[in-house]
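Colleague: no FASTA, just this:
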């Protein structure tokens, strides 16, 4: 009987701890930037999906259609992963994640883009990109190192 009385008096010791919302630790949100290479991006439906999905997932960055096709997205890591999952479900001749940069917590100096845009202004009349202008675009965003990753040479090389 003593045992039951003690259990009744101390039952809260056996219940899970409840944390009120004011005591919960704020979740840290992690950000990432994903660089994607495609053999080409010409299909208008794919181009529409690339832009619409980025906007739907609140991602910033760009898409450079043509041959080769280049996509860069940045935002919350979970949204970046969802975007990559959706892209992979489409039919591609070749689609490759070239680089994933983990940006950590939100820090405006880590984010380079204010919105998502299709860089069709950098295409010539054959649908190929003007890579001099593309290099300049990356330089303006302080991301010119990625040109070397995609093309194997520095955008300033005059060979």
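Modeller: It's in. Just so it is clear, the structure is predicted and the values come from calculations on it, not from any experiment.
Colleague: Which other helices and strands does the host helix or strand of residue 138 contact?
Modeller: According to DSSP states H and E, residue 138 maps onto helix 131-140. Under the contact criterion of 3 or more Cβ pairs under 8 Å, 6 or more residues apart in numbering; DSSP states H and E, helix 131-140 touches helix 145-151. C-beta: built from backbone N, CA, C; applies to glycine.
Colleague: Need the contact partners of the helix it packs on.
Modeller: 35, 37, 68, 70, 72, 98-99, 131, 134-135, 138, 154-155 (Cβ atoms under 8 Å, 6 or more residues apart in numbering).
Colleague: distance between that helix and the chain's centre?
Modeller: When distances are taken as Cα atoms, centre = their mean, to the nearest Å, helix 145-151 is centred 17 Å away from the chain's centroid.
Colleague: So which bits of that helix are buried?
Modeller: Of all the residues in helix 145-151, those buried under the rule 16 or more other Cβ atoms under 10 Å are 146, 147, 150.
Colleague: So among those residues, where is pLDDT lowest?
Modeller: Minimum pLDDT across the buried residues of helix 145-151 is recorded for residue 150, with 84.
Colleague: quick one: the strands in the chain?
Modeller: Along the chain, counting by DSSP state E, strands occupy 31-38, 60-64, 69-76, 95-104, 116-118.
Colleague: The ones you listed: which one's closest to residue 44?
Modeller: Among those, the nearest to residue 44 by Cβ to Cβ is strand 116-118 (11.1 Å).
Colleague: Just the buried residues of the contacts of helix 145-151.
Modeller: For the contacts of helix 145-151, buried by 16+ other Cβ under 10 Å: 35, 37, 68, 70, 72, 131, 134, 135, 138, 155.
Colleague: if we take the buried residues of helix 145-151, which one ends up nearest to residue 94?
Modeller: Looking across the buried residues of helix 145-151 and measuring by Cβ to Cβ, the closest to residue 94 is residue 150, at 13.2 Å.
Colleague: From residue 121, how far out is that closest one?
Modeller: 19 Å (Cβ to Cβ, to the nearest Å).
Colleague: How about residue 75?
Modeller: For residue 75, the distance to residue 121 - Cβ to Cβ - is 23 Å.
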